[in-house]
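# prediction below, plus the sequence it came from.
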Amino acid sequence: MDRDACLDEAWEAGFIHLGGVWRQAIDYRSEPATLGPHGEFGQATLRAPRVEVGDAQRKTYWLHGVGVCGRCPCKDWSGRLILIPSSQVKLGSFSGKIKDMANLADYDYELPKELIAQSPTASRTDARLLVADRGGHSLEHRHIRDLPDILRGGDCLVINDTRVVPARLVGRRRATGGHWEGLFLERSPDGLWRVMCKTRGKLQPGDTITLINAAGDEDVHLELGVKEADGTWIARPLAAEDAFALLDRVGRVPLPPYIRKGEMEPSDQEHYQTVYAQVPGAVAAPTAGLHFTSKLLDRLAKQGVEICRLTLHVGPGTFKPISAENLAEHQMHSEWGSLKQESVDRIQACRQAGGRVVAVGTTSVRVLETASASGELKAFAGYTDLFIRPPYQFRTVDALLTNFHLPRTTLLVLVRTFGGDALIRAAYEEAIRERYRFYSYGDAMLIL
């Protein structure tokens, strides 16, 4: 008997083989149907009169190590249940051996290219929101504008107020006239810049780059100094001018390459910046925060949601794929962040009153968890290279609003660690099936 027929037969008989044990499953004629409960594996509520395998037009949910009988090779099969769509489906952390989630291959997935958002929604709050409830093992389709209906008075929303600087640089090598591109990373107290460089040929210490401003004219010169071990360069701008003022004139919005190959449009100056951005220094946006408007924040505040700020200057490493096959061997990039005592006091008061700490974005998570590394949340200022991966135990964050992330990245590892492997796998499959928009300008998910 083939796997598809075997699974159908077992389902229609009202039984399915889970975790090495035959379980009574469902009356497949009921609406909705209930599968479970199954102890530590929870339960799955399935709105479907029938289950099929292999139909890409239906909803797909992972089943790891599932078998349905002893008569075919499906006993140790890792496959999928594909269900008729519904707006809300309860999920279980399905049976089989629970993975330790330590291998990079566990964080890969295929995404249709057309789902990579090239621009934001017309209104920030119109972005779709997939709500993943860990306690109820459920997924629900909402919108960002629904957050006041989801969050509660007494919750604390923690936002990252870093400001994206126009860090992408274009210029010409003075010696050869060759095209040069760069990315400003940070400035030192003595006025030196650390930059990434891309050009034909080999750069040498002492080479000078003529930067081209937004109008297409030659502007300030940049003299290269020392090349660092990580491939970046220490450079000196040949102008007595504040670095950020200079970047405002010669820089461009540092879009990631999956958005129009990094080529900005005038509207990106507004779109690729949160409405609450204050502290300049990021070279990539904290993208979960792009969904908020001042009006939405006001609505949340009026219903009693506390809004606290922290800062993490997002660096280029945030998008970098992990290269080590074992997560324990990955060297995490570092980024500068800060959490002031005022925010610490407000967050602690929220938790003591029974409210939830809702982090907006993985950047907020990293600062909050770095600041609570001792077991108690404290004020923090400095660099963090915290790599959140299984079996990390979260100390401060209770809920997370985040965009959908690239495969094989530290961001996806963090989200799966927080939300749980089975639930977040199912959420990503659901988002792809429902044609959510992915990455920086895409839609979001809220993990409760």
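Thanks, I have it.
# with just CA atoms, put stretch 309-320 into PDB.
What follows is stretch 309-320, C-alpha atoms only, in PDB (Å, rounded to 0.1, in the frame of the first residue of the first chain):
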ATOM      1  CA  ARG A 309      12.600  52.300  24.000                       C
ATOM      2  CA  LEU A 310      16.000  50.700  23.600                       C
ATOM      3  CA  THR A 311      18.600  51.100  20.900                       C
ATOM      4  CA  LEU A 312      20.400  48.500  18.800                       C
ATOM      5  CA  HIS A 313      22.300  49.700  15.700                       C
ATOM      6  CA  VAL A 314      21.600  47.000  13.200                       C
ATOM      7  CA  GLY A 315      24.700  46.000  11.200                       C
ATOM      8  CA  PRO A 316      25.200  44.100   8.000                       C
ATOM      9  CA  GLY A 317      25.700  40.800   9.800                       C
ATOM     10  CA  THR A 318      22.000  40.700  10.500                       C
ATOM     11  CA  PHE A 319      21.400  39.300   7.000                       C
ATOM     12  CA  LYS A 320      24.500  37.200   6.700                       C
END
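# can you pull the buried residues of that stretch?
Residues 309-319 are the ones in stretch 309-320 that count as buried (16 or more other CB atoms under 10 Å). C-beta here means a position set from N, CA and C on the backbone, and glycine is covered the same way.
# now stretch 133-153
In stretch 133-153, counting by 16+ other CB under 10 Å, buried: 133-134, 136-145, 147, 150-151.
# nearest to residue 261 among those?
residue 144 (27.3 Å; CB to CB).
# OK, contacts around the closest one?
Counting by CB atoms under 8 Å, 6 or more residues apart in numbering, residue 144 touches 124-129, 291-292, 296, 444.
# returning to that earlier point: nearest to residue 258, of the buried residues of stretch 133-153?
For those, the nearest to residue 258 is residue 144 (21.5 Å; CB to CB).
# how close does the closest one sit to residue 426?
Counting by CB to CB, to the nearest Å, the gap from residue 144 to residue 426 is 21 Å.
# repeat that for residue 203.
Between residue 203 and residue 426 the computed distance is 47 Å (CB to CB).
# look at those two and report which has more neighbours.
Higher neighbour count among residue 203 and residue 426: residue 426, with 26 against 15, using other CB atoms under 10 Å.
# wait, a helix at the more buried one?
Yes: assessed with DSSP: H, G, I helix; E, B strand; the rest coil, residue 426 lies in a helix.
# just for the stretch 51-200 of the chain, where's the confidence low?
By pLDDT under 70, the weakly predicted segments of the stretch 51-200 of the chain are 51-100.
# strands of that one, start to end?
Ranges of strands in the stretch 51-200 of the chain, per DSSP state E, counting those that start in this stretch, are 59-66, 77-83, 88-90, 128-133, 138-143, 156-160, 162-164, 168-173, 179-187, 193-199.
# rewinding a little: give me the buried subset of the contacts of residue 144.
Buried subset of the contacts of residue 144 (neighbour count, 16+ other CB under 10 Å): 124-125, 127-129, 291-292, 296, 444.
# name the nearest of those relative to residue 331.
Nearest to residue 331 among these: residue 444, at 28.9 Å, using CB to CB.
# mind listing the residues bridging to that closest one?
Beta-bridge pairing for residue 444 (DSSP bridges): residue 129, residue 403.
# surely it and residue 291 touch.
Yes: here residue 444 reaches residue 291: they are 5.8 Å apart, a contact under CB atoms under 8 Å.
# quickly list what's touching both of these two.
With CB under 8 Å, 6+ apart, residue 444 and residue 291 have common neighbours 127, 144, 401.
# now, which of these sits nearest residue 188?
Nearest to residue 188 among these, with distances taken as CB to CB, is residue 401, at 33.7 Å.
# give me the element that closest one is part of.
Taking DSSP states H and E as the definition, residue 401 sits inside strand 399-403.
# next one: residue 344
In this structure, residue 344 is located in helix 341-352 according to DSSP H and E.
# pull up the pairing partners for the following helix or strand past that helix, direction included.
Sequence-wise, the next helix or strand downstream of helix 341-352 (DSSP H and E) is strand 357-360. Using DSSP bridges, the strands paired with strand 357-360 are strand 156-160 (parallel), strand 399-403 (parallel).
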